[in-house]
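**Student:** sequence-free structure coming up:
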Ligand SMILES: Cc1ncc(COP(=O)(O)O)c(C=O)c1O
């Protein structure tokens with residue numbers, strides 16, 4: 001099999017995500033044969049350094065030996081079982097461990113199988129919590145420039161026009177407050193106060209992406225905003241949902257981004273890195289108070305009846321436990337500090353280039369925003385193609401190039417990743 005043959009076969013049948021399929025008339029689709037460590041290999045013998053962790057999911061490399069061994073162990077035992085009326089040891093163990101490493105008030109967990117579904121669950125639960133107490137609170141508040149997924153509820157609280165606009169007629173009504181990634185923090189907090197005051201008694205929850213709005217061009221803000229927002233939510237009596245689907249599991253330098261603000265959200269949504277990029281899995285953690293609002297006789301009709309067929313998939317839970325083993329045994333958060341430092345050292349000087357507007361970094365996420373290009377030039381696409389020729393796989397967001405590599409990336413690979421992009425920035 002060759003890349004070309006597989007690409008032709010693929011294009012006969014498959015509609016790919018987040019893709020204008022016509023682009024593939026000129027841009028080759030790359031069939032991947034295998035993965036190893038931070039690299040993926042195609043069918044023509046090329047290898048690419050996966051600098052975006054395969055859409056921000058991979059933490060410990062492709063085909064990681066330890067994770068492979070744990071998945072093999074589990075598959076011989078049990079692959080999956082219905083999660084209503086039944087349970088299994090990997091889910092119980094995972095729940096216990098996640099509760100122990102997340103902020104203290106988060107005591108209970110609900111399983112799902114992808115990030116968007118976790119957001120739907122947090123939104124629905126926050127709405128139903130109030131409904132169960134006789135209050136109708138049908139408004140959700142999020143931040144400008146936010147992204148929370150593609151299902152209808154998640155899209156409704158998102159603010160990235162590119163993905164949302166076309167569906168605006170059929171989405172839930174939500175309100176977006178100013179984002180601290182776009183305006184000064186005080187202004188953003190003031191705006192949130194105003195929004196919550198205006199809709200007082202009708203807002204169920206506020207949902208944010210702590211510290212980094214990833215799909216929103218990797219825009220970043222400070223932990224102090226989250227602290228301020230926590231106080232405002234408490235004053236107004238609305239829930240705070242932290243969407244750590246992209247930033248959880250060490251991405252921002254701490255295990256969870258909220259830790260840097262020293263607060264606990266009422267709901268914490270996790271996915272992506274939870275299985276190190278192996279299996280679809282997501283969880284929502286919440287407080288005992290929220291759990292209790294649904295706990296009553298069945299006939300009272302206050303149960304949370306959300307379900308997904310693959311909820312709490314056994315293999316996915318076993319893999320997530322393996323991922324937590326690696327965090328614990330290999331002191332990943334401490335080890336990443338040197339890599340974070342190196343990325344910073346190598347990218348900061350790029351700000352001196354004429355076509356670079358800003359370099360920003362939060363932990364293992366680093367973005368280089370370009371300037372001086374017309375949107376029609378599709379500069380990000382051009383840079384992606386040039387980098388690919390050098391064995392570097394990046395996927396710029398418009399004119400924002402970013403790195404979000406797996407934690408197994410070596411210092412030499414970090415130098416190569418940034419060196420290649422630097423070289424390209426001099427010629428485009
Ligand atoms: C912050 C955030 N929330 C939610 C999602 C949606 O997750 P999924 O793609 O698994 O549905 C994403 C995906 O990129 C995300 O970055």
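**Tutor:** All right, it came through fine. These figures come from a predicted structure and were not determined experimentally.
**Student:** count of residues packed around residue 343?
**Tutor:** By the measure other Cβ atoms under 10 Å, the count of residues near residue 343 is 25. Yep, even glycine has a C-beta here, placed from its N, CA and C like the rest.
**Student:** just checking, it touches residue 421?
**Tutor:** No: counting by Cβ atoms under 8 Å, residue 343 does not reach residue 421; the two are 11.5 Å apart.
**Student:** Quick check: phi and psi on residue 33?
**Tutor:** Torsion angles at residue 33 (phi, psi; degrees, to the nearest 10) stand at phi -90, psi -40.
**Student:** mind listing what it touches?
**Tutor:** Shown in contact with residue 33 (Cβ atoms under 8 Å, 6 or more residues apart in numbering): 41, 42, 43.
**Student:** who in the chain is up against the ligand?
**Tutor:** For the chain, the residues in contact with the ligand (Cβ under 6 Å from any ligand atom) are 114-116, 119, 147-149, 209, 214-215, 243, 245-246, 271.
**Student:** quick check, nearest of those residues to the ligand?
**Tutor:** residue 115 (2.2 Å; Cβ to the nearest ligand atom).
**Student:** distance of the closest one from residue 92?
**Tutor:** For residue 115, the distance to residue 92 (Cβ to Cβ, to the nearest Å) stands at 23 Å.
**Student:** and what of residue 30?
**Tutor:** Residue 30 is 40 Å from residue 92, by Cβ to Cβ.
**Student:** likewise residue 148?
**Tutor:** 28 Å.
**Student:** Looking at residue 115 and residue 92, which one has more neighbours?
**Tutor:** Taking other Cβ under 10 Å, residue 115 and residue 92 do not tie; residue 115 has more neighbours (27 against 12).
**Student:** before we move on, the earlier item: now the buried members of the contacts of residue 33.
**Tutor:** 42, 43 (16 or more other Cβ atoms under 10 Å).
**Student:** In TSV, list the contacts of residue 33 along with distance to residue 292.
**Tutor:** TSV is the format used below for the contacts of residue 33 (distance: Cβ to Cβ, whole Å):
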residue	distance to residue 292
41	51
42	52
43	54
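**Student:** Which of the contacts of residue 33 fall within strands?
**Tutor:** Here DSSP state E is the test, and the contacts of residue 33 give 41, 42 as lying in strands.
**Student:** just curious, which of the contacts of residue 33 is nearest to residue 387?
**Tutor:** residue 42 (14.8 Å; Cβ to Cβ).
**Student:** List the contacts of that closest one.
**Tutor:** Residue 42 sits next to 3, 30, 31, 32, 33, 48 when contact means Cβ under 8 Å, 6+ apart.
**Student:** avg pLDDT for the helix or strand where the last one lies?
**Tutor:** So that's residue 48. Using DSSP states H and E, residue 48 sits in strand 47-50. Averaged over strand 47-50, pLDDT sits at 98.
**Student:** what's the following helix or strand after the strand or helix carrying residue 367?
**Tutor:** Here residue 367 sits within strand 365-370, counting by DSSP H and E. Remark: after strand 365-370, the chain's next helix or strand is helix 379-389, criterion DSSP H and E.
**Student:** and residue 182, how many residues sit next to it?
**Tutor:** By other Cβ under 10 Å, the burial measure for residue 182, its neighbour count, is 15.
**Student:** My error: substitute residue 240 in the last question.
**Tutor:** Other residues close to residue 240 by other Cβ under 10 Å number 23.
**Student:** ends of stretch 73-89, how far apart?
**Tutor:** Length of stretch 73-89, first residue to last, Cα to Cα, to the nearest Å: 13 Å.
**Student:** buried stuff in that stretch?
**Tutor:** For stretch 73-89, by 16+ other Cβ under 10 Å, it's 74, 83, 88.
**Student:** And these, which is closest to residue 322?
**Tutor:** Once Cβ to Cβ is applied, the member of these that ends up nearest residue 322 is residue 74, at 9.0 Å.
**Student:** Now do the same contact list for residue 27.
**Tutor:** 381, 385.
**Student:** Would you mind measuring from it to residue 122?
**Tutor:** Taken as Cβ to Cβ, the span from residue 27 to residue 122 is 36 Å.
**Student:** hang on, residue 241 is in a helix, isn't it?
**Tutor:** No: assessed with DSSP: H, G, I helix; E, B strand; the rest coil, residue 241 is strand; it does not lie in a helix.
**Student:** and it, what is it in contact with?
**Tutor:** 119, 122-123, 126, 205-208, 265-269.
**Student:** just the helices in the stretch 1-150 of the chain please.
**Tutor:** Along the stretch 1-150 of the chain, counting by DSSP state H, counting those that start in this stretch, helices occupy 3-13, 53-56, 65-75, 89-101, 115-132.
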